[in-house]
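S.K.: Dropping a prediction and its sequence here:
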Amino acid sequence: MGVEVKVEGLTKKFGSQLIWNDVTLTLPAGEISVMLGPSGTGKSVFLKSLIGLLKPDAGHIHIEGVDIATCKEKDLYEVRKLFGVLFQDGAMFGSMDLYDNVAFPLREHTKKSESEIRNIVMDKMELVGLTGAENKLPGEISGGMRKRAGLARALVLDPEVLLIDEPDSGLDPVRTAYINQLFIDLNAQIDATFLIVTHDINTARTVPDNIGLLYHKHLAMFGPREMLLTSTEPVVAQFLNAQRVGPIGMSEEKDADELAAESGQEMPPLPPVALQIEPSDGRPRRAQREPGAWCRENGVVPPEGSFEADMPMTPGVSA
Ligand SMILES: Nc1ncnc2c1ncn2[C@@H]1O[C@H](COP(=O)(O)OP(=O)(O)OP(=O)(O)O)[C@@H](O)[C@H]1O
């Protein structure tokens with residue numbers, strides 16, 4: 001069962017460059033959360049801060065009673081064992097075949113016998129659909145397969161928290177759809193807490209239980225998927241609907257002249273809220289909620305056509 005990750009007032013700077021300030025959010029145990037944000041807003045830095053690879057300048061990260069923002073190296077080493085991480089490129093050792101890559105954390109961090117290791121590696125390879133590819137080298141397989149192998153390696157120590165950095169980078173839409181379904185199925189099976197950093201709006205709209213948006217050195221919003229997908233807050237609505245009109249500019253916040261030039265243009269109405277992807281075997285996830293439940297409980301009327309099975313495609317967003 002996954003564990004809760006509670007982030008309070010987290011601030012990160014590199015020298016005088018502020019990356020983000022006062023980030024406060026809770027990744028609920030066993031739920032899938034997605035972190036979005038324009039390029040360079042510090043999504044990867046946030047992910048690395050969560051496992052203690054980067055030290056925040058202020059704030060706290062509470063996991064299982066330990067504050068990893070301030071704890072000793074020895075405690076950090078222990079807490080890190082709760083995490084599995086899938087880096088953007090899979091971070092495979094090029095000279096090792098997939099079997100040895102996936103077995104690596106078990107050989108490094110456990111005293112398991114080679115036959116126990118074999119059982120675990122083959123089990124995780126099967127989970128990610130890579131049975132039969134054990135003897136391939138990372139350079140001999142596609143980007144999608146490399147990500148799956150990276151995922152198998154992230155799973156071998158049975159993580160309570162799975163951090164995934166841009167799983168869709170370099171993948172075509174079909175492969176992205178497959179890996180998104182895999183995340184949902186995995187979450188149903190292992191019940192870990194997931195945090196996925198992505199640029200892909202379709203992933204953000206259909207995979208997570210919660211969405212966060214980093215923008216302009218702060219956390220603009222974090223909450224249930226339906227809350228953000230029905231939000232008319234300009235930054236959130238602009239980003240989640242891939243619009244040019246709104247406060248986010250090409251490289252930073254728009255200046256007064258740019259905003260004035262847009263004054264006659266309105267953001268189009270919000271598109272319908274898509275159904276969340278469900279596990280392929282039909283078994284519900286522990287965190288799964290009924291479509292529209294958050295809207296009903298909070299008196300929010302979702303855009304017409306929301307939660308319909310065969311929703312039409314929205315520009316830039318495939319259902
Ligand atoms: N180790 C580091 N030292 C100094 N600056 C860094 C370091 N790591 C990241 N940065 C800076 O922090 C900022 C945020 O980087 P980060 O990679 O987290 O952004 P991102 O939101 O993940 O971007 P993208 O979506 O393009 O991957 C960038 O300006 C980057 O140059």
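M.R.: Everything's here; your move. Numbers count the residues shown, from 1 in each chain.

S.K.: From now on I want contacts and neighbour counts done on CA atoms only, so please keep to that.
M.R.: Fine.

S.K.: Which element, helix or strand, includes the residue of the stretch 151-300 of the chain found nearest the ligand?
M.R.: The ligand sits closest to residue 199 of the stretch 151-300 of the chain, with a gap of 6.7 Å, by C-alpha to the nearest ligand atom. Of the helices and strands defined by DSSP states H and E, none includes residue 199.

S.K.: could you measure the residue nearest to it when sequence neighbours are not counted against the ligand, distance?
M.R.: Spatially, and ignoring its direct neighbours in sequence, residue 199 is nearest to residue 36 (6.2 Å; C-alpha to C-alpha, 6 or more residues apart in numbering). Taking C-alpha to the nearest ligand atom, to the nearest Å as the measure, residue 36 falls 8 Å from the ligand.

S.K.: neighbours around the residue of the stretch 151-300 of the chain closest to the ligand, how many?
M.R.: 20 (other C-alpha atoms under 10 Å).

S.K.: Please name the residues that touch the residue nearest to residue 199.
M.R.: Residue 36 is in contact with 43, 197-199, 204, 211-214, counting by C-alpha atoms under 8 Å, 6 or more residues apart in numbering.

S.K.: let's go with 10 Å and repeat that
M.R.: Residue 36 is in contact with 42-43, 166, 196-201, 204, 211-215, 219, 222, 236, 239-240, counting by C-alpha atoms under 10 Å, 6 or more residues apart in numbering.

S.K.: And for residue 298?
M.R.: Per C-alpha under 10 Å, 6+ apart, neighbours of residue 298: residue 227.

S.K.: now residue 7
M.R.: So residue 7 contacts 22-27, 50, 59-63, 67, 69 (C-alpha under 10 Å, 6+ apart).

S.K.: Farthest pair within those residues?
M.R.: Of all pairs drawn from those, the one with the longest distance (C-alpha to C-alpha) is 22 and 63, at 18.0 Å.
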